[in-house]
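A.B. asks: any chance you can model this:
(one chain, ligands or ions: 1)
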Amino acid sequence: TVDWHQRAQQLIANKRIAYQAYIDGRYVDAQDGQTFDCISPIDVALLAKVASCSDRDVDAAVSAARHSVAKGTWLSMSPSARKKILLKFADLIEQHTEELALLETLDMGKPIRYSLAVDIPAVLKCIRWYAEAIDKLYDEVAPTSRDVLATITREPVGVVGIVVPWNFPLLMAAWKFAPALAAGNSIVIKPSEKSPLTALRVAQLATEAGIPDGVFNVVPGLGHVAGKALALHMDVDCIAFTGSTVTGKQMMQYAGQSNLKRVWLECGGKSAHIVMPDAITSDGDLDVVARNAAAAIFFNQGEMCSAGSRLLVHESIREKLLERIAHHATQYQPANPLNINTHLGALVDQAQLQSVLSYIHSGIEQGASLRFGGRQIVQDKGCYVEPTLFDSVIPGMRIAQEEIFGPVLAVMTFKHEAEAIMLANSVIYGLAAGVWTRDVHAAHRISRALKAGVVYVNCYDDDDITVPFGGYKQSGFGRDKSLHAFDKYTELKTTWMRIANP
Ligand code: NAD
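C.D. replies: Below is the predicted model:
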């Protein structure tokens, strides 16, 4: 019943969009007054002129965070007290669900139905889960001799820099800020310059919830300016990064050039989705596999690090599976993401649109067979491209090796299980992989052989905050989500206490 187009117009006309940096509990302009244009990919409307932070602003945010660590208000608070505040923070975000979902859709083009039903609920669940976890975790006592007590405790690392991309803007930040804050750290978030709006909005809600000034800071700005300044800063203890593999490598260099801060990387992917011949024994099976294969690459415009962007199908079932995928792809016709029935919205910006189109062009040039899609859709000057499927792809082609980050599926066939595994592992990435089979032995064998941080058997993109998410190989290291995420935001301390003379 909501008219999202009208809501969007009101939001923009009323100038209610937060556009300044958030440092030490208040909104501030960049010190040199610089801004960048935040443009909606739906229709290239100017949403806001956002503060473009430089190293001076990053320095101010890191100083505020460091000061809050030194003061210890947040860090020394009992876990149950921190939990209470974080739960209130989640409640406030929930009360602003529609506003935040709308900002997410306007900013990066994803369908409003998913911002509402996926992104914001997942953010809430993430914050609540870590809040609930912290007053239930115990430290350890080592099994040493009786005259000493050796404790192994976890302590917050201190100041955590969070650098995130634009495909799930607030959720990728929450996967990091929720465990980092729960563990007692102070944070400085550098959102993507393509999607800064929700991080800026929730910063104020953090203060309203009772998170002390200086603990939650946001410095919008360009990657090679604000992101670089944060990653090179001598007083940042840890960088938690999600983004491309190219930038991830730079993050490691920045750490080496500065203070050897801890670096955790969640980078790109080119995930293989394997369909064994025994997976399809009926029309019902065929439909389930095809629906999942389509969703794995077309959901979120294919702008998914874990997208099943390579479909490896046994040659005996290729034809009927591709026909059925084509049927399901019709659901993903690009349309204005503010329409509640839209399943595939706009790509994040013109640069991403051109990049996806150039990959489509390379697929055609290198001899893959374009089975459907491939065209730009011109609508309101927005950034739309059709769901696209290439058949007869050869492993050496660019569309088989490189992350496209758009709705483009590359299909390859195999004859034997070993060939499927070899193809699946033949890229630099190792984020996710999927396998469909009815044979439990094959499921075990194949999932163990796949070099990927997450393997889906007879499903794809299942998700829960309770399980770790992250990659092998050049998809990065360290894990978001689950209790394992605390490893990134805490230092392990061993304390020896002699308690009796021998
Ligand atoms: P990107 O690497 O261009 O940017 C990511 C962030 O890094 C942005 O905030 C950007 O401003 C910043 N940045 C860019 N250059 C920088 C520099 N020189 N120094 C410091 N900071 C810099 O990536 P993107 O285009 O925003 O996001 C898409 C990528 O993110 C894809 O590769 C995707 O697979 C990956 N991703 C991975 C995961 C995961 O969990 N593994 C999840 C989502 C997205």
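A.B. asks: near the ligand, which residues of the protein?
C.D. replies: For the chain, the residues found near the ligand under the criterion CB under 6 Å from any ligand atom are 163-167, 172, 190, 192-193, 223-224, 227-228, 231, 242-244, 247, 250, 266-269, 305, 403, 405, 431, 471, 475-476. To be clear about C-beta, it is placed using only N, CA and C from the backbone, and glycine gets the same treatment.
A.B. asks: distance of V219 relative to the ligand?
C.D. replies: Separation of V219 from the ligand (CB to the nearest ligand atom, to the nearest Å): 10 Å.
A.B. asks: need phi/psi at that residue.
C.D. replies: Note on V219: its backbone torsions stand at phi -120, psi 90 [degrees, to the nearest 10].
A.B. asks: so it is in contact with E193, correct?
C.D. replies: No. Here V219 does not reach E193: they are 11.0 Å apart, not a contact under CB atoms under 8 Å.
A.B. asks: so those two - more neighbours on which side?
C.D. replies: Neighbours per residue (other CB atoms under 10 Å) separate V219 from E193, with V219 holding more: 32 against 20.
A.B. asks: any residues touching the helix or strand harbouring K320, and which ones?
C.D. replies: Here K320, judged by DSSP states H and E, is contained in helix 318-329. The contact list for helix 318-329, computed with CB atoms under 8 Å, 6 or more residues apart in numbering, reads 275, 280, 286-287, 289-291, 293-295, 298, 311, 313, 371-373, 387, 389, 391, 409, 411, 413.
A.B. asks: after that helix comes which helix or strand?
C.D. replies: Later in the chain than helix 318-329, the nearest helix or strand by DSSP H and E is helix 350-365.
A.B. asks: quick one: list the elements packing against that next one.
C.D. replies: Helices and strands touching helix 350-365, as assessed by 3 or more CB pairs under 8 Å, 6 or more residues apart in numbering; DSSP states H and E, comprise strand 369-372, strand 384-385, helix 398-401, strand 408-414.
A.B. asks: okay, angle between it and strand 408-414 too, please.
C.D. replies: Interaxial angle, helix 350-365 versus strand 408-414 (axes from the mean of the first three to the mean of the last three CA atoms, to 10 degrees): 30 degrees.
A.B. asks: export helix 350-365 as PDB, just CAs?
C.D. replies: Output of helix 350-365 as PDB, limited to C-alpha atoms (Å, rounded to 0.1, in the frame of the first residue of the first chain):
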ATOM      1  CA  GLN A 350      27.200   4.100 -14.600                       C
ATOM      2  CA  ALA A 351      30.700   2.800 -14.000                       C
ATOM      3  CA  GLN A 352      29.300  -0.600 -12.800                       C
ATOM      4  CA  LEU A 353      26.900  -0.600 -15.700                       C
ATOM      5  CA  GLN A 354      29.700   0.000 -18.200                       C
ATOM      6  CA  SER A 355      31.900  -2.600 -16.600                       C
ATOM      7  CA  VAL A 356      29.100  -5.300 -16.800                       C
ATOM      8  CA  LEU A 357      28.400  -4.400 -20.400                       C
ATOM      9  CA  SER A 358      32.100  -4.700 -21.200                       C
ATOM     10  CA  TYR A 359      32.200  -8.200 -19.700                       C
ATOM     11  CA  ILE A 360      29.100  -9.100 -21.800                       C
ATOM     12  CA  HIS A 361      30.900  -7.800 -24.900                       C
ATOM     13  CA  SER A 362      34.100  -9.800 -24.000                       C
ATOM     14  CA  GLY A 363      32.000 -13.000 -23.600                       C
ATOM     15  CA  ILE A 364      30.600 -12.500 -27.100                       C
ATOM     16  CA  GLU A 365      34.100 -11.600 -28.600                       C
END
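A.B. asks: hmm, back to that, possible to save the helices and strands packed on helix 350-365 as TSV with mean neighbour count and mean pLDDT?
C.D. replies: Output for those, formatted as TSV (neighbours: other CB atoms under 10 Å; pLDDT from 0 to 100):
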stretch	mean neighbour count	mean pLDDT
strand 369-372	16	98
strand 384-385	24	98
helix 398-401	19	98
strand 408-414	24	98
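A.B. asks: quick one, which of the ones you listed is nearest to E155?
C.D. replies: helix 398-401 (42.1 Å; CB to CB).
A.B. asks: same for that closest one, what does it pack against?
C.D. replies: helix 350-365, strand 408-414.
A.B. asks: so H343 is in contact with N336, correct?
C.D. replies: No. H343 lies out of contact with N336 (CB under 8 Å); the separation is 11.9 Å.
A.B. asks: on that earlier part again, what subset of the contacts of helix 318-329 is buried?
C.D. replies: By neighbour count, with 16 or more other CB atoms under 10 Å, the contacts of helix 318-329 hold 275, 280, 286, 289-291, 293-295, 298, 311, 313, 371-373, 387, 389, 391, 409, 411, 413 as buried.
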